[in-house]
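Q: Turn this into a model:
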Amino acid sequence: MTVNQPLLSTLISVTLLLSTALGLQQDPSSSLFTVHEWGTHTAMQGSNGIGVGGLEHSEEALPSFVLARSSGLLQDATPSIFNNKGADFVTDNGDMMVTQKLETPVLYFYSPTSLDVQVDVKFPNGIVTEVYPNMTAFSPPLNEVRRVAGGHAQWRVHVHEPAAVLPVPPVQPDSIWAPSRRVQANMLNFEGQNEHLIFYRGLGAWQGDVQVTTTTDRLTVTNRGDQ
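A: Take a look at the predicted model:
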């Protein structure tokens, strides 16, 4: 059984572990500065309600300009042989088994003026594995993952004024990336990487609070959390 739910619900049920304690630092004078976050996360459970692994496999390829831990966070790098949603570790069993995945969270910025913004995403029970634009800081270090935990990603981007139009890496109209650009959000950039948004996704390992068990004639949903 697959549980796919809005990221906002996930943040509440996982006690802000996914966004993740999202921290934003901004100019206090920019009272109209707004950030929108959109995305989902996916978990799978067996009929016994226990989360199962294997969620690291990619269903659709991202554009080559997206940066992945498995490719050393290098742009247009050769994809990893793991094909594990950017993971730079082998997701096999134990502490390395992936039971949760962030499905394309994106951050949009709206501001009447240009400004510099710092964003911190903390993912205590997972790791941010694919991003665009690039991060200014992250953990754990590349190729030093011992557990699927302790994730942190930081961006420092310049948000341009609303009228600014910047060149972006081309994608095909039917690309899974194309719809994310059909917005009125301000453009942003970091070290020559321009986009309408901050994109990230990642992999996690924990048992969720919502448990779904099934028998031949009964489905039971249990909230094991305190929300």
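Q: use CA for all of it now, contacts and neighbours both
A: OK.
Q: Going by neighbour count, list what's buried in stretch 212-227.
A: For stretch 212-227, the buried set under the neighbour-count rule, 16 or more other CA atoms under 10 Å, comprises 212-213.
Q: where does the protein have its least confident helix or strand?
A: Every helix and strand of the chain was ranked by mean pLDDT, DSSP states H and E. The lowest is helix 7-13, at a mean of 28.
Q: quick one: low-confidence ranges for the chain?
A: Filtered on pLDDT under 70, the chain yields the residue ranges 1-31, 75-83, 92-95.
Q: And the most centrally placed residue in it, its phi and psi?
A: The centroid of the chain falls nearest to Arg201 when counting by CA atoms, centre = their mean (2.5 Å). Dihedral angles of Arg201 (phi, psi; degrees, to the nearest 10) stand at phi -150, psi 160.
Q: how far away is it from Thr40?
A: 10 Å (CA to CA, to the nearest Å).
Q: Give me the common contacts of the two.
A: 102-105 (CA atoms under 8 Å, 6 or more residues apart in numbering).
Q: Give me the distance from stretch 56-63 to the chain's centre.
A: Chain-centre distance of stretch 56-63: 13 Å, with CA atoms, centre = their mean, to the nearest Å.
Q: ok, now stretch 194-214?
A: That offset, for stretch 194-214, works out to 7 Å (CA atoms, centre = their mean).
Q: likewise stretch 152-159?
A: With CA atoms, centre = their mean, you get 13 Å for stretch 152-159.
Q: same thing with stretch 210-227?
A: On CA atoms, centre = their mean, the centre of stretch 210-227 falls 26 Å from that of its chain.
Q: Do you have the strands of this protein handy? List them.
A: Per DSSP state E, the chain carries strands over the ranges 2-6, 23-25, 34-44, 67-68, 100-110, 115-123, 126-132, 137-139, 151-159, 188-190, 193-195, 198-204, 210-214, 219-223.
Q: Same list (these) but as TSV, adding distance to Pro179.
A: Formatted as TSV, those follow (distance: least, CA to CA, whole Å):
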stretch	distance to Pro179
strand 2-6	18
strand 23-25	25
strand 34-44	13
strand 67-68	19
strand 100-110	12
strand 115-123	23
strand 126-132	15
strand 137-139	27
strand 151-159	20
strand 188-190	17
strand 193-195	13
strand 198-204	13
strand 210-214	31
strand 219-223	34
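Q: right, and the ones you listed - which one's nearest Val171?
A: strand 193-195 (12.1 Å; CA to CA).
Q: check contacts around the residue nearest to the centre of the chain.
A: Contacts for Arg201 (CA under 8 Å, 6+ apart) come out as 101-105, 128-131.
Q: any idea how far Thr215 is from it?
A: 33 Å.
Q: circling back: which of the strands of the chain has the highest mean neighbour count?
A: Mean neighbour count (mean count of other CA atoms under 10 Å) peaks for strand 67-68 among those, with a mean of 27.
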